[in-house]
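1. quick one: sequence and predicted model below, then my questions.
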Amino acid sequence: AKRRSTMADAPAPDLVTAGAGISGPAAAVPSKRKRDPLEDDGTPDRSPADFITPVIAISREEKRRLPIASVFRVDVVKIVHNWQRPWLPSEQHGSSGSGFAVKFNHKASGTARMGVVTNAHVVKDGAVIKLIRLDSTKKYTATVLCSAVDIDLALLEVEDPGFWKNVEPIQLGNVLPELFTDVMVVGFPRGGRQVCMTKGVVSRVTSKGFAVDHFPSPAQLAIQIDAAINPGNSGGPALYSPKEHAKPVCLGVATQKETGLSTDNIGFLVPAGTVRRFLQDVGEHGDFRGVPSPGFLWTPLENVVLRKRHSLDPDTNEGVLVTGIQTYAEGSVATDLHKGDVIVEIDGAAVLSEGDVFISRDGTAAKPGQIDPAGAAFGTAYQVKLDVLFSERRDGEQVKLKVLRRVDNKDGVGALAHPLDVGTTVLRRPASRWRWEPQVTDGGCSVNGEPREVTVIKVQREAHRNPTDAADAEPDAGAAAAAAAPARYRYDVLEEEKGLVYEQVSETELLPWKPWPTGIIERQMVELDVTIRRLPVMQSVRQHQPGASLSYLMFGGLVFINEIWVPFSSSKSGRVKYPKIIFQPRIQENDQLVTLAAIYQHDCNFGYKQTRVGGRVLRVNGKHIKNLSQLQQVVSGVTDGFLEVVTENGKVVLDVAECRGAAAELLRICNMRAAHSSDLA
């Protein structure tokens with residue numbers, strides 16, 4: 001009797017409940033037999049538990065309609081590269097995730113093709129990828145058709161036709177969900193080999209970045225749910241059942257969850273709209289074209305004094321200040337905005353002073369008349385960062401902006417009377433990205449600066465020459481024409497702030513100096529029609545192919561590499577951080593961003609700390625470095641004296657003869673066979 005009582009007190013193992021809200025003897029009675037999740041033989045279940053309404057339950061009809069046969073387990077064998085020691089053999093380890101079947105239009109073949117969507121971090125560094133169907137133990141080989149690290153999505157293809165037998169693609173949702181929408185996460189998390197389903201609701205629609213390994217990316221739409229997401233769920237679909245669809249559709253792709261000690265039930269999905277744009281890009285171009293960027297940096301305008309300074313009503317709550325224009329966004333929004341503009345409206349949506357906008361369920365800007373407190377609270381309008389209105393667009397789409405622009409812009413005030421006297425203070429135009437190295441802000445983005453104050457230290461009149469044939473034939477006439485032409489001057493100027501001398505500055509590069517205004521900045525409303533452009537930095541990120549060798553060069557214990565997205569660990573936080581150089585633009589196709597990856601201590605370089613590691617190599621012995629091959633040529637051409645390496649993080653000077661004498665010992669210390677990779681001659 002005691003044994004029967006103990007068993008009666010245990011909960012029924014096959015009841016589909018959340019484990020709460022059921023009590024008493026009725027909840028303790030087990031059903032007659034286990035039932036298959038997909039079984040429907042018409043036999044009524046006579047268990048007393050059927051007469052109890054569980055907190056979270058799955059109806060028999062919902063079980064039958066779930067497209068779980070289109071969800072697969074993704075087993076991956078990964079090759080993890082040692083970025084600081086690229087000459088060493090790579091390590092292998094296994095991992096697993098989830099994926100689901102989709103159909104996309106393949107433009108090159110003119111047909112609709114089947115593929116498997118998963119997360120980019122699931123297949124990252126994957127050397128062998130296997131897919132397992134729910135109804136089979138056979139492992140099918142898959143290849144990566146496209147991997148987009150900036151949105152954490154990847155598309156796999158399987159050539160074996162047997163894999164696609166009786167597999168239907170899962171449809172993608174068309175609009176953002178309302179809050180409290182029931183959602184079912186399907187996947188293969190840890191703890192078993194069978195498919196796992198967890199149920200919850202949509203908690204919030206917000207904006208965040210999905211980039212793999214904390215790679216910087218613009219804010220994008222994200223769906224927050226409270227259904228359990230665990231390791232192995234990544235890449236699986238989150239399903240819901242809208243009234244207009246006969247079967248459940250994909251609301252988003254499970255990708256992340258909060259793991260802090262003070263948080264519970266916070267998981268995130270890549271929305272179905274982002275997945276659809278990803279598939280469109282892959283179908284049309286064979287690759288993901290990148291995430292559109294706003295092309296500018298901004299700061300909130302919440303401070304009352306700051307709002308007064310920029311001619312804004314301190315009692316209102318709109319507008320952000322443009323603090324920089326990203327140089328890599330040439331041809332995008334950045335070309336039409338000026339530093340110092342105040343953006344007050346994007347596509348008719350008011351921009352709040354903290355940088356937020358409201359969007360509707362279709363992802364477009366919500367007009368002020370469409371927003372009410374109830375709608376914002378219950379999911380008919382969502383408050384997100386303004387970057388979303390750019391990142392959720394496709395290449396070539398138009399965006400309308402309303403900005404408040406300074407009426408008196410010091411970039412074009414008056415004209416200078418040449419020649420200028422030595423000692424005159426003037427303004428020098430912002431440096432061109434094609435000629436000068438871009439400035440780098442604290443946020444890591446390259447921006448064009450404002451005109452800078454400089455002082456004239458030397459004046460030189462340009463020599464004139466009439467290029468016409470008549471002038472060449474008649475020297476006197478040419479001399480007379482040159483004398484009659486307006487005089488032009490070049491100047492040497494000193495920038496006192498940095499103590500840098502710029503020689504031979506043309507008079508067209510100089511502007512009149514004007515005292516900085518101390519009062520309210522007068523502004524006028526300007527409307528702009530701008531064209532969305534992709535973010536080039538993401539297009540230039542190169543996913544390393546497993547089995548391929550990495551390029552490197554070692555000299556004097558300094559190891560140089562050309563991978564612009566190499567992660568460098570932070571000793572304080574333990575998180576992965578990336579060098580600022582990832583935002584630098586490429587001017588030519590063969591340009592590489594060479595970085596100093598490591599310094600292996602030896603007598604020839606003793607005293608240089610690891611703080612110099614991670615920065616872009618700017619110059620070596622005065623020559624600008626464009627790629628790793630050029631760096632090798634420069635180093636090989638120096639036979640004696642000193643080698644001066646200038647990076648973003650400092651300067652390193654080496655004795656060439658001492659380093660060459662220690663070459664063999666350095667190879668032994670670094671466990672290298674050669675001082676450079678095989679692709680460098």
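-> Looks like it arrived, so ask away.
2. okay, CA-based contacts and neighbour counts for the rest of this
-> Fine.
3. poorly predicted segments of the stretch 401-550 of the chain, please.
-> Flagging of the stretch 401-550 of the chain using pLDDT under 70 yields the residue ranges 408-415, 430-450, 463-486, 496-504, 514-519, 533-549.
4. could you redo the last one with a cut-off of 50?
-> 409-413, 432-448, 465-473, 536-548 (pLDDT under 50).
5. stretch 251-263: which residues count as buried?
-> 251, 252, 253, 254, 255, 256, 257 (16 or more other C-alpha atoms under 10 Å).
6. what of stretch 92-111?
-> Here stretch 92-111 shows 96, 97, 98, 99, 100, 101, 102, 103, 104, 105, 106 as buried, counting by 16+ other C-alpha under 10 Å.
7. for that stretch, output the C-alpha coordinates as PDB.
-> Extracted C-alpha coordinates of stretch 92-111, given in PDB (Å, rounded to 0.1, in the frame of the first residue of the first chain):
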ATOM      1  CA  GLN A  92      38.600  19.900 -34.200                       C
ATOM      2  CA  HIS A  93      35.500  19.500 -32.000                       C
ATOM      3  CA  GLY A  94      31.900  18.600 -32.500                       C
ATOM      4  CA  SER A  95      28.700  20.600 -31.900                       C
ATOM      5  CA  SER A  96      25.000  20.400 -32.900                       C
ATOM      6  CA  GLY A  97      22.100  22.700 -33.700                       C
ATOM      7  CA  SER A  98      18.800  22.700 -35.500                       C
ATOM      8  CA  GLY A  99      17.600  23.700 -39.000                       C
ATOM      9  CA  PHE A 100      14.400  23.600 -41.000                       C
ATOM     10  CA  ALA A 101      13.400  23.300 -44.700                       C
ATOM     11  CA  VAL A 102      12.500  26.400 -46.800                       C
ATOM     12  CA  LYS A 103      12.000  27.000 -50.500                       C
ATOM     13  CA  PHE A 104      13.500  30.000 -52.300                       C
ATOM     14  CA  ASN A 105      13.700  31.200 -55.900                       C
ATOM     15  CA  HIS A 106      17.000  30.600 -57.500                       C
ATOM     16  CA  LYS A 107      17.400  33.200 -60.200                       C
ATOM     17  CA  ALA A 108      20.400  31.600 -62.000                       C
ATOM     18  CA  SER A 109      18.500  28.400 -62.700                       C
ATOM     19  CA  GLY A 110      15.000  30.000 -62.900                       C
ATOM     20  CA  THR A 111      13.600  27.400 -60.500                       C
END
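8. mind putting the buried residues of stretch 251-263 into a markdown table with pLDDT and secondary structure?
-> Putting the buried residues of stretch 251-263 into a markdown table (pLDDT from 0 to 100; DSSP: H, G, I helix; E, B strand; the rest coil) gives the following:
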| residue | pLDDT | secondary structure |
| --- | --- | --- |
| 251 | 94 | strand |
| 252 | 95 | strand |
| 253 | 96 | strand |
| 254 | 94 | strand |
| 255 | 92 | strand |
| 256 | 88 | strand |
| 257 | 88 | strand |
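9. next, format those residues as JSON lines and append distance to residue 82.
-> Listed next are the buried residues of stretch 251-263 as JSON lines, based on distance: C-alpha to C-alpha, whole Å:
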{"residue": "251", "distance to residue 82": "37"}
{"residue": "252", "distance to residue 82": "33"}
{"residue": "253", "distance to residue 82": "30"}
{"residue": "254", "distance to residue 82": "28"}
{"residue": "255", "distance to residue 82": "25"}
{"residue": "256", "distance to residue 82": "25"}
{"residue": "257", "distance to residue 82": "27"}
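10. sweet, I'm off.
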